[in-house]
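> okay, here's the prediction I keep looking at, along with the sequence it came from:
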Amino acid sequence: MIVLKGIAASEGIAVGKAFFINKKHVKVNKIRISDDKIAFEIRKFKDAIKKAEEYIKHIKDISLQDLGEEHSFIFDVYLLLLKDDMLIGETERVIKNEKVNAEYALLKVSKKLIEIFEKTEDPYIKEKKNDVKHIVNKIIKFMTNDGFIFKETFGESRIAIAHDLSPSELVSLLKQNIVAFATDLGSKISHTSIIARAMGIPAVVGLEKITDNIISEEEMVIIDGFKGVVIISPNSEVLNDYLEKEKKYKEYINELQKLKNLDVKTKDGEIINIFSNVEINEEIEISNDYNAQGIGLYRTEFIYLEKGDVSEDEQFLILKDAVLKNKGKPITIRTFDLGGEKLANLLPHPDEQNPAMGLRAIRYSLRFKDMFKTQIKAILRAAVFGDVRIMFPMVSGVEEIRQAKSIVKECEEDLKREKKEFRSNIPLGVMVELPSLALITHLINKEVDFFSVGTNDLIQYTIGIDRNNEYVAYLYRPTHPAVLTLLRKILKDAQKAGIEVTVCGEMAGDPKYIPVLLGLGYRNLSMSPSAILKAKMMISKIEIEKCEKLITSLKRCKLARNAEEKLDKFVNKYASDVFFH
Ligand code: PEP
Ligand code: MG
């Protein structure tokens, strides 16, 4: 029995035989070729170089615009390597003289080159070996078919084991009775993990060597997506224990699934509106499947994190697709929240001592106005296809709201001049996620059409703790009296002005905190699609009056710890079965 610990990317329990997808490295074998195959191998090699060259030039162009000559210099190095006789010319000679396949010839030549670099004293030249490795990998990828071949649908449930898995590979695998997956690579915020969570597929990623540890597809594998643990060839005791857990988990999921088409109402009949937070368009289909009332938060920065800078047309197509997938329901598109911990490769980011307080979100947008305008124009064009709203992140005061609004006006003028179809006067709102803004919601409630409360950042900046720092995680308390006071004020000021207010931070999707938000008076919650069914179950078990009483008693707690204990008691009393134990 082997137990591996990785990152718990998507919760759930699954037990089954492995389906092994070996993608660790593109495996290069030495293949002897006959004289008549030499021309073919050389053509294949040259085609791959051409593709690599086009790819690098494209990346270089994008980075030149934003990073300037200094940083795009690395791409010139790659381009030079693609013309280098010691690498490219020599590979062709090896193919011809040794009569071997192009991949092997390239690898052989590059190894020699790397050895030479390694022997030098000059650290700068030594570093060059990484450039060679990078470019060689790129060419080999263009020469080999990197995709794996899917088998026919399995009769029984299987667990996919892979070095890495792309979102589209995952979606195809799910059609073939794959019920969970484990990968060497991956992070909690990768697209594949997001889709796994949205679809309720148990997953553990970042295991580093799972593909080395699975030997045959006959091996039994346990995925514990709660603990981030994978067990290979479990002993009978562990296996039976997990089979029992898996059974209970399936029953729990079946109960949740029954709520899919039900209205979202509290036990005493109050209607609650549930929206989805999404990062990628695929999640919108899942959101529809769970009957969400629309998209409360579309995080556009993921487009930039994946692609670097994007043109207006490219972004327009992505957003149009999102709007169409959302089938006429409201969709709140948040302008890019870049900076902080969300740094896009190939986009300019200064070195900052304290990025969370630095050039982030709306501040970044106002600094790089052209990029901001490109996005706004794409959104205004996509808005023709549905009920689109624009939302600005990390706004700290009235000036930023006015600047952002005037940029939207400018974009409308530009589009008019360019004779492009767009929608004007679409609702504009702000994320209330900085204490400075929360404290002046009475001053901004007439400046915008809606508020969306970003509790993740609001809690971080109010209590002064890094939301990803494990050392101060114990201070991250949504029931802190300061947070509750701000939440109440935001709601009151929205109601006074008659504008909509939604909560879109994690707090809205965490069943434990839903009674708090309902007790405070919030009725619009936006959350990851994966949270919707549990949220519905929680809502169906509680009464507004009891939630309001809970708030009265939480308000009396001077210690955040006591407030948490009271909340735990409340949740256990009315809704303990919402959670999987
Ligand atoms: C938030 O801060 O609560 C929020 C929803 O925004 P993000 O998590 O993307 O920062
Ligand atoms: Mg935020």
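Sure thing, it's come through. Ligands and ions are numbered 1, 2, ... in the order given.

> does stretch 332-342 reach ligand 2?
No. Applying C-beta under 5 Å from the ion, one finds stretch 332-342 out of contact with ligand 2, separated by at least 6.3 Å. The way it works is simple: take the backbone N, C-alpha and C, and place the C-beta from them, glycine included.

> touching ligand 1 at all, that stretch?
Yes. Applying C-beta under 6 Å from any ligand atom, one finds stretch 332-342 in contact with ligand 1 at Asp337.

> just checking, what packs against the longest helix anywhere in the chain?
Longest helix of the chain, by residue count under DSSP state H: helix 38-67. Helices and strands touching helix 38-67, by 3 or more C-beta pairs under 8 Å, 6 or more residues apart in numbering; DSSP states H and E, are helix 69-81, helix 90-98, helix 102-119, helix 123-143.

> pull out the buried positions in the shortest one.
Neighbour counts over helix 90-98 (16 or more other C-beta atoms under 10 Å) mark Glu90, Thr91, Glu92, Val94, Ile95 as buried.

> same deal with the last one?
Buried positions in helix 123-143, judged by neighbour count with 16+ other C-beta under 10 Å: Lys128, Lys129, Val132, Ile135, Val136, Lys138, Ile139, Ile140, Phe142, Met143.

> next one: stretch 214-221
Quick answer for stretch 214-221 (16+ other C-beta under 10 Å): Ile214, Glu219, Met220, Val221.

> close to ligand 1: what parts of this structure are there?
Leu297, Arg299, Asp337, Glu433, Gly454, Thr455, Asn456, Asp457, Cys504, Gly505.

> residues in contact with the fourth one?
Read it as Glu433. Pro393, Met394, Val453, Gly454, Thr455, Asn456, Asp457, Leu458, Tyr461, Gly505 (C-beta atoms under 8 Å, 6 or more residues apart in numbering).

> next up, phi/psi of it, please.
Note on Glu433: backbone dihedrals following degrees, to the nearest 10 are phi -140, psi 0.

> repeat that for the one 4 residues further on.
Leu437 adopts backbone torsions of phi -80, psi -40, taken as degrees, to the nearest 10.

> Ile444 is in contact with that one, correct?
Yes. Between Leu437 and Ile444 there is a contact under C-beta atoms under 8 Å: 6.9 Å.

> confirm Gln176 sits in a strand?
No. Using DSSP: H, G, I helix; E, B strand; the rest coil, the assignment for Gln176 is coil, not a strand.

> got the CA positions of stretch 175-182 in CSV?
Output of stretch 175-182 as CSV, limited to C-alpha atoms (Å, rounded to 0.1, in the frame of the first residue of the first chain):
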residue,chain,number,x,y,z
LYS,A,175,-17.6,10.7,-20.9
GLN,A,176,-15.7,7.4,-20.5
ASN,A,177,-16.7,6.5,-17.0
ILE,A,178,-13.8,8.2,-15.3
VAL,A,179,-15.0,9.3,-11.9
ALA,A,180,-11.9,10.9,-10.3
PHE,A,181,-8.4,11.8,-11.1
ALA,A,182,-4.9,12.3,-9.7
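
> give me the contacts around that stretch.
Counting by C-beta under 8 Å, 6+ apart, 4, 6, 12, 14, 16, 19, 150-162, 165, 170, 173, 196, 201-205, 207, 210, 221, 223, 225, 230 sit against stretch 175-182.

> recalculate using a threshold of 7 Å.
12, 14, 16, 19, 150, 153-154, 157-162, 165, 170, 201-204, 207, 210, 223, 230 (C-beta atoms under 7 Å, 6 or more residues apart in numbering).

> pLDDT weak spots in the stretch 201-350 of the chain?
345-346 (pLDDT under 70).

> hmm, try it at 80
For the stretch 201-350 of the chain, applying pLDDT under 80 flags the ranges 214-217, 306-307, 341-349.

> checking the residue in it positioned nearest to ligand 2 next. Helix, strand or coil?
Residue nearest to ligand 2 within the stretch 201-350 of the chain: Asp337 (6.3 Å; C-beta to the ion). Assigned with three-state DSSP, Asp337 falls in the coil class.

> ok, it to Ala102 distance?
In this view, Asp337 and Ala102 are 44 Å apart by C-beta to C-beta, to the nearest Å.

> what of Pro427?
56 Å.

> out of the two, which sits in the busier spot?
Ala102 (28 against 16; other C-beta atoms under 10 Å).

> give the buried subset of the contacts of Glu433 as a ChimeraX selection command.
Those of the contacts of Glu433 that count as buried under 16+ other C-beta under 10 Å are selected in ChimeraX with:
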select :393,394,453,454,455,456,457,458,461,505
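
> quick one: average pLDDT of stretch 35-47?
For stretch 35-47, mean pLDDT rounds to 92.

> buried residues in that stretch?
Ile38, Glu41, Ile42, Lys44, Phe45.

> domain parsing for this structure?
According to automatic domain parsing, the chain comprises the domains 27-143, 300-426, 431-581.

> and those, which one averages the lowest pLDDT?
domain 27-143 (a mean of 82).

> so which residues of the stretch 301-450 of the chain form helices?
301-307, 312-325, 361-367, 369-382, 398-417, 435-438, 441-444 (DSSP state H, counting those that start in this stretch).

> among the residues of the chain next to ligand 1, name the ones in helices.
Short answer: these in helices (DSSP H) are Thr455, Asn456, Asp457.
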